[in-house]
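Peer 1: Sequence unavailable; structure follows:
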C-alpha cells in the first residue's frame with residue numbers, strides 16, 4: 001500500500017529553495033500530515049502494550065491538535081476509542097487499517113523527496 005500526500009503550496013514554497021537539486025526535506029519543513037503506526041500484539045511492543053498505547057495516545061492527541069495525523073493501525077475501532085478518550089482532534093485524524101510489524105515508520109514508511117520542476 002502506498003499513501004501519497006501532495007500539497008501544491010508546500011511543494012511550491014520548497015521548490016524555490018532547492019535550486020534544481022533533489023532533497024530530503026528536514027523535519028521542521030511544512031508538511032501535509034504526520035504519520036504514526038500504532039502498536040499491537042504482533043509487534044515487539046506486545047509485552048509493554050498498555051504502556052506503549054498510553055504514550056501513543058498522548059503523542060497522537062498532541063499532534064492532532066496542531067497538524068493532520070495519519071495512523072497505520074491493526075484495529076481501527078480500538079485505536080479510534082483510545083484517541084477519543086485521549087481528547088485527540090479526530091477531525092484531523094485518519095486511520096489506515098494496514099499490517100505493520102513495528103511502530104518505527106522510519107524503517108518502512110514513505111520517504112519524501114523534492115525536486116525542482118516536478
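Peer 2: It's in. In this text, all values refer to a predicted model and were calculated from it rather than measured experimentally. Numbers count the residues shown, from 1 in each chain.

Peer 1: all helices in this structure, in order from the N-terminus.
Peer 2: Per DSSP state H, the chain carries helices over the ranges 8-18, 49-64, 76-86.

Peer 1: could I get these as a markdown table with distance to residue 33 and mean pLDDT?
Peer 2: To be clear about C-beta, it is placed using only N, CA and C from the backbone, and glycine gets the same treatment. Below are the helices of the chain laid out as a markdown table (distance: least, CB to CB, whole Å; pLDDT from 0 to 100):
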| stretch | distance to residue 33 | mean pLDDT |
| --- | --- | --- |
| helix 8-18 | 11 | 50 |
| helix 49-64 | 9 | 97 |
| helix 76-86 | 15 | 97 |
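
Peer 1: Out of those helices, which gets nearest to residue 112?
Peer 2: Closest approach to residue 112 among the helices of the chain (CB to CB): helix 8-18, 9.8 Å.

Peer 1: Does residue 35 touch residue 109 like I think?
Peer 2: Yes: under the criterion of CB atoms under 8 Å, residue 35 lies in contact with residue 109, with a separation of 5.6 Å.

Peer 1: and for these two, which residues touch both?
Peer 2: Applying CB atoms under 8 Å, 6 or more residues apart in numbering, one finds that residue 35 and residue 109 are jointly contacted by residue 72.

Peer 1: Which one's more surrounded, those two?
Peer 2: With other CB atoms under 10 Å as the criterion, residue 35 and residue 109 differ in neighbour count, and residue 35 comes out ahead with 18 against 15.

Peer 1: which residues does the closest residue to that one other than its chain neighbours form a beta bridge with?
Peer 2: Computed as CB to CB, 6 or more residues apart in numbering, the closest residue to residue 35 that is not its neighbour in sequence is residue 70, at 5.0 Å. Assessed by DSSP bridges, residue 70 has beta-bridge partners residue 35, residue 94.

Peer 1: mind checking pLDDT for the residue nearest the centre of the chain?
Peer 2: Taking CA atoms, centre = their mean, the centroid of the chain lies closest to residue 35, which sits 0.6 Å from it. Reading off the confidence values, residue 35 has pLDDT 93.

Peer 1: neighbours around residue 99, how many?
Peer 2: 9.

Peer 1: close enough to count as contact, it and residue 73?
Peer 2: No: using CB under 8 Å, residue 99 is not in contact with residue 73, being 10.1 Å away.
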